[in-house]
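# Sequence and predicted model, in that order:
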Amino acid sequence: MEYTLHKDFSELNAQEWNDLLKDSVSDTPFLRHEYQRIWWERRGGGEWQNAQLVLVSAREDGRLVGIAPLFIAEYESKPALLLIGSIEISDYLDLIVRMENHSRFLTGLLDFLAASFADSWSAIDWYNLPDSSPTLAALKTESETRGWTHLEEIYRPTPRIALNGDFEEYLSRVEKKQRHEIRRKMRRAIESERGVRWFISDMADPEAEIDAFLKLMEQDSNKAGFLREPMRTQMREIICAAHENGWLWLAFLEADGQRIAAALNFDYGNKLWGYNAGVNRDFMDLSPGWVLLAHILQWCCENKRHEFDFMRGDEEYKYRFGGVNKYVMRVKVTRPIN
């Protein structure tokens, strides 16, 4: 494999990148070219002020076979190589490489990084690797071979719901009391005579739709603090990119002629990824968050999406709706520097 260090995302063709991603070991929206580019340009909404891009690709016979989207930054008092997207707003990260090339790509990548940046990093600290990723075992093997220190730990739970196209079958798997609550709240909203309806945004006016979503999201004081200006700009750009590239799924719940709940999801890989949400606190008597989520899950069943992924976080409502834990991992590898 021939490895190349790129100075900018423009040096890699977006279509070629995304085509490789479709066949890679971890095909997630957070690894798409447009998402990664925006994250890097905005440095994670200001999460990383001082960072050096380490964007590496590998080709074989002219064909793109692997991408390592990385950066170097001071982290926990060490110069570390992190995955672009780290740490807080990109729920799933990994190397971009097909399974059949994964082991060779990682071995060559580590050799390339050690040779090209010998004095620039002492640790690899990769967050949000899916617990099913072959990168976990491969990094452990490489660490043992090279005499590097290796640490692997669970970082966050990522509850998800498996779906088979039948909403009633899904509900039958939810704990009895919660199943009753879901049905009761859906029925109460319909019978309220307050014009309750839900809809998927057509994004006819993207700026207005994004404004409506952010207005609901920031009613939560914690999320309002999160939405400082650099992060707000990044959120806008990611939503626009998702819309332009066909994987945005933004839904609203309406009552009394007002939007009272919103759910920002990604429709990607035949599943729905629940990224963020917001509710109008003046309408809690209608349980807007629960009602909208129930309609979303029903839509998933009717439209043959095989899974709803709540993504990172162990909020109680995820389990009330039947979420089953998977995990994202953190792997830290430390090498001695002579």
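Thanks, I have the structure now.

# Contacts for the helix or strand of the chain at the bottom of the mean pLDDT ranking, please.
The weakest-scoring helix or strand in the chain, judged by mean pLDDT, DSSP states H and E, is helix 221-226 (a mean of 87). When contacts are defined by CB atoms under 8 Å, 6 or more residues apart in numbering, helix 221-226 is touched by residues 217-218, 276, 278. Bear in mind the C-beta positions are built from the backbone N, C-alpha and C, glycine included.

# Surely Leu292 is in a strand?
No - using DSSP: H, G, I helix; E, B strand; the rest coil, the assignment for Leu292 is helix, not a strand.

# domain assignment for the protein?
2-156+327-334, 160-320 (automatic domain parsing).

# picking that back up, list the buried residues of the least confident helix or strand of the chain.
Residues Phe226 are the ones in helix 221-226 that count as buried (16 or more other CB atoms under 10 Å).

# And for stretch 155-162?
Quick answer for stretch 155-162 (16+ other CB under 10 Å): 155-161.

# and if you look at stretch 32-42?
32-40, 42.

# Compile these into JSON lines and extend it with columns for pLDDT, distance to Leu292 and secondary structure.
Below are the buried residues of stretch 32-42 laid out as JSON lines (pLDDT from 0 to 100; distance: CB to CB, whole Å; DSSP: H, G, I helix; E, B strand; the rest coil):
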{"residue": "Arg32", "pLDDT": "98", "distance to Leu292": "26", "secondary structure": "coil"}
{"residue": "His33", "pLDDT": "98", "distance to Leu292": "31", "secondary structure": "helix"}
{"residue": "Glu34", "pLDDT": "98", "distance to Leu292": "27", "secondary structure": "helix"}
{"residue": "Tyr35", "pLDDT": "98", "distance to Leu292": "24", "secondary structure": "helix"}
{"residue": "Gln36", "pLDDT": "97", "distance to Leu292": "29", "secondary structure": "helix"}
{"residue": "Arg37", "pLDDT": "97", "distance to Leu292": "31", "secondary structure": "helix"}
{"residue": "Ile38", "pLDDT": "96", "distance to Leu292": "26", "secondary structure": "helix"}
{"residue": "Trp39", "pLDDT": "96", "distance to Leu292": "27", "secondary structure": "helix"}
{"residue": "Trp40", "pLDDT": "95", "distance to Leu292": "32", "secondary structure": "helix"}
{"residue": "Arg42", "pLDDT": "91", "distance to Leu292": "28", "secondary structure": "helix"}
